[in-house]
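Undergrad: when you get a sec, could you give me coordinates for this:
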Amino acid sequence: MPNIRQLDPSASPLDHFGSELRHWREAAGLSQPQLGAKLFCTGSLVGQIETAHKVPTRDFAERVDSVLETGGAFGRLVGLVLRSQLPTWFQEMARMEAQAAYLSTYQAQVVYGLLQTEAYARAVIGTPPPDNADELVAARMERQRVLTREDPPQVWVVLDEAVLLRKIGGREVMWNQLAHLLSFRDSRHVSVQVLPFEAGQHTSLAGSFSLMRFEADPDLLYTEDFAQGHATANSETVRDGSFRYAHLQATALSAEDSAAFISRVMEERYGDRTESGERGLA
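TA: Model (predicted):
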């Protein structure tokens, strides 16, 4: 019989998901094609997920819960599966990010991951394109669920003007990304500020960094280099990062002025989204 592979459910979250999917499908007396028909996908996809050859999406997991009446078991499990697709060095950061009560970040190159659109994230992740680009994009979108949970963290984001001007993925991708940033204008939990070029020198010319505050655990400062990320709870380092971030916020445009700035960049730089051969703006 095809796709018969014995999985060790303890080997990884992906193996556990596949093993559970097979268990629930067989308990329901369904073949892979039969379950696929109910899920509006192919039996082959069901088989690939059951054998841990394919990473499930959240949409797939939630449809399985509905069809097999599992009480939300797969919806709860898929978060672990998607997090496991992140680079090993980033998985602990993602876990801490999900637990933080306050997130403060300065981004000098790209939009903060929690505020990226799927198309923008795909463009960022796909430079150069890795073999598991789909899984990495899905994992990044899964991280963003922290913003819509019942008790979301307070998020303060300062974006360098360069982030708005750097055309990633094309005009349409950028227009939609900036529109997405503007969607947080009235949010009680997310604040976006722009640090304009005219501010000149500032307290984080060395690059991007993030601060995480927790209800009970020590604060953390997080940075990345070319190869991996670095988190520290060293009180002196965290205090220095907090000082630098406070100055960045004070130097940046207000949230209201930042929204107006983003709107202006949207229309002036990305308003023509036809992109026929990447024409220059008139």
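Undergrad: how about the strands in the stretch 101-250 of the chain?
TA: All strands of the stretch 101-250 of the chain, identified by DSSP state E, counting those that start in this stretch, fall at 102-107, 154-160, 190-195, 209-213, 220-224, 229-232.
Undergrad: any chance of the ones you listed in a markdown table with mean pLDDT as columns?
TA: Formatted as a markdown table, these follow (pLDDT from 0 to 100):
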| stretch | mean pLDDT |
| --- | --- |
| strand 102-107 | 98 |
| strand 154-160 | 98 |
| strand 190-195 | 98 |
| strand 209-213 | 97 |
| strand 220-224 | 95 |
| strand 229-232 | 94 |
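Undergrad: can you add mean neighbour count and give those strands back as JSON lines?
TA: In this view, the C-beta of every residue, glycine as well, is placed from N, C-alpha and C. Shown next, in JSON lines, are these (neighbours: other CB atoms under 10 Å):
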{"stretch": "strand 102-107", "mean neighbour count": "22"}
{"stretch": "strand 154-160", "mean neighbour count": "22"}
{"stretch": "strand 190-195", "mean neighbour count": "22"}
{"stretch": "strand 209-213", "mean neighbour count": "21"}
{"stretch": "strand 220-224", "mean neighbour count": "19"}
{"stretch": "strand 229-232", "mean neighbour count": "14"}
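Undergrad: just send these back as CSV, with distance to Gly271 too.
TA: Output for those, formatted as CSV (distance: least, CB to CB, whole Å):
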stretch, distance to Gly271
strand 102-107, 24
strand 154-160, 20
strand 190-195, 18
strand 209-213, 31
strand 220-224, 32
strand 229-232, 36
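Undergrad: out of those, flag the one nearest Ile49.
TA: Among those, strand 229-232 comes nearest to Ile49, with 29.3 Å by CB to CB.
Undergrad: which helices and strands does the closest one pack with?
TA: In terms of contacts (3 or more CB pairs under 8 Å, 6 or more residues apart in numbering; DSSP states H and E), strand 229-232 is packed against helix 88-99, strand 220-224.
Undergrad: chain center to it: distance?
TA: On the basis of CA atoms, centre = their mean, to the nearest Å, strand 229-232 sits 18 Å off its chain's mean C-alpha point.
Undergrad: then stretch 127-145?
TA: 8 Å.
Undergrad: circling back to that earlier point, winner for burial among the helices and strands packed on strand 229-232?
TA: strand 220-224 (a mean of 19; mean count of other CB atoms under 10 Å).
Undergrad: report the contact partners of Gly79.
TA: By CB atoms under 8 Å, 6 or more residues apart in numbering, the contact list for Gly79 reads Arg58, Glu142, Arg145.
Undergrad: burial measure for the first one, as a count.
TA: Here the number of neighbours of Arg58 (other CB atoms under 10 Å) works out to 17.
Undergrad: please report how far the closest residue in space to it that isn't next to it in sequence lies from Phe214.
TA: Leaving aside its sequence neighbours, Arg58 sits nearest to Val78 (CB to CB, 6 or more residues apart in numbering; 5.3 Å). Remark: distance between Val78 and Phe214 (CB to CB, to the nearest Å) = 25 Å.
Undergrad: Gln91 now?
TA: In terms of CB to CB, Gln91 sits 18 Å off from Phe214.
Undergrad: next one: Ala123
TA: Distance from Ala123 to Phe214, by CB to CB: 32 Å.
Undergrad: equivalent analysis for Gln34, please.
TA: The value you get for Gln34 to Phe214, if CB to CB is used, is 46 Å.
Undergrad: cool, Ala27 as well?
TA: For Ala27, the distance to Phe214 - CB to CB - is 40 Å.
Undergrad: quick one, which of these two is more surrounded?
TA: Higher neighbour count among Ala27 and Phe214: Phe214, with 14 against 10, using other CB under 10 Å.
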